[in-house]
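# make a model of this:
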Amino acid sequence: MKNSMHVRQIQSKDTLIRYYAMQTVKILPLNEIDKKLLEQQISELIQNAVVHGNKNREELTVNIRYLFKDNVFTIILQDEGNGFNELEHWKQWNEKRSQLQQEKNAEEFFMYAAYQKRGSFNPCSSGGTGLFAAFEYWDKEFSFSKDGNSVTASKIFYPTFIEEEYESD
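Numbering: from 1, shown residues only. I've put the predicted structure just below:
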């Protein structure tokens, strides 16, 4: 893979999300496990852009730029939506969630198990799970643009040990 930025504009069609993610990772010089995990994370980012950003409007597009250089994969996605306007609230909420988890406060953690938008509470909601996974997976960077409709994510891939080196032990 060349050390140049790849650029594509994709249609906001939810049935093609996995296809776009698979196309992105197929040429990367990674082992199959890393490719599958990366593909899942890219799918989640594209899905957020299509579903939450572009509101499943197929006439809208998502711009994707990505680069793999020096064992770092970076992807930038920009949708045509109004942007994620709950980011500061989500960050504060997630800090409280992390604190309760560290304190092993299961009773109060229940209130923070799934992200709740300002002014709402539904303990059965599964909101925010993609953001939880993203913040944990993208270990170099995970950030939104100021207007909230663009996300930049970077992951460091460490060289895999060659098992053959240990066969003689």
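
# now the worst-scoring helix or strand of the chain on mean pLDDT - C-alpha only, PDB.
Of all helical and strand segments in the chain, the minimum by mean pLDDT, DSSP states H and E falls on helix 129-137, at a mean of 80. Extracted in PDB, the C-alpha atoms of helix 129-137 (Å, rounded to 0.1, in the frame of the first residue of the first chain):
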ATOM      1  CA  THR A 129     -21.900   1.800  22.600                       C
ATOM      2  CA  GLY A 130     -20.200   2.600  19.400                       C
ATOM      3  CA  LEU A 131     -18.500   5.600  21.000                       C
ATOM      4  CA  PHE A 132     -17.400   3.400  24.000                       C
ATOM      5  CA  ALA A 133     -15.800   1.000  21.600                       C
ATOM      6  CA  ALA A 134     -14.300   3.700  19.500                       C
ATOM      7  CA  PHE A 135     -12.600   5.500  22.400                       C
ATOM      8  CA  GLU A 136     -11.100   2.200  23.500                       C
ATOM      9  CA  TYR A 137     -10.100   0.900  20.100                       C
END
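
# and the next helix or strand after it, what does it pack onto?
Following helix 129-137 in sequence order, the next helix or strand is strand 141-144 (DSSP states H and E). Other elements packing on strand 141-144 under the criterion 3 or more CB pairs under 8 Å, 6 or more residues apart in numbering; DSSP states H and E are strand 150-156. No exception for glycine: its C-beta is placed from N, CA and C like everyone else's.

# partners of the strand it packs on in the sheet?
As defined by DSSP bridges, the strand partners of strand 150-156 come to strand 72-78 (antiparallel), strand 141-144 (antiparallel).

# okay if I get these as TSV plus mean pLDDT, distance to residue 134 and mean neighbour count?
Listed next are the strands paired with strand 150-156 as TSV, based on pLDDT from 0 to 100; distance: least, CB to CB, whole Å; neighbours: other CB atoms under 10 Å:
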stretch	mean pLDDT	distance to residue 134	mean neighbour count
strand 72-78	97	11	19
strand 141-144	90	5	14
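
# looking at the ones you listed, which is closest to residue 21?
Among these, the nearest to residue 21 by CB to CB is strand 72-78 (10.0 Å).

# what's in contact with that closest one?
24, 28, 38, 42, 45-46, 49, 62-68, 140-141, 145, 149-157 (CB atoms under 8 Å, 6 or more residues apart in numbering).
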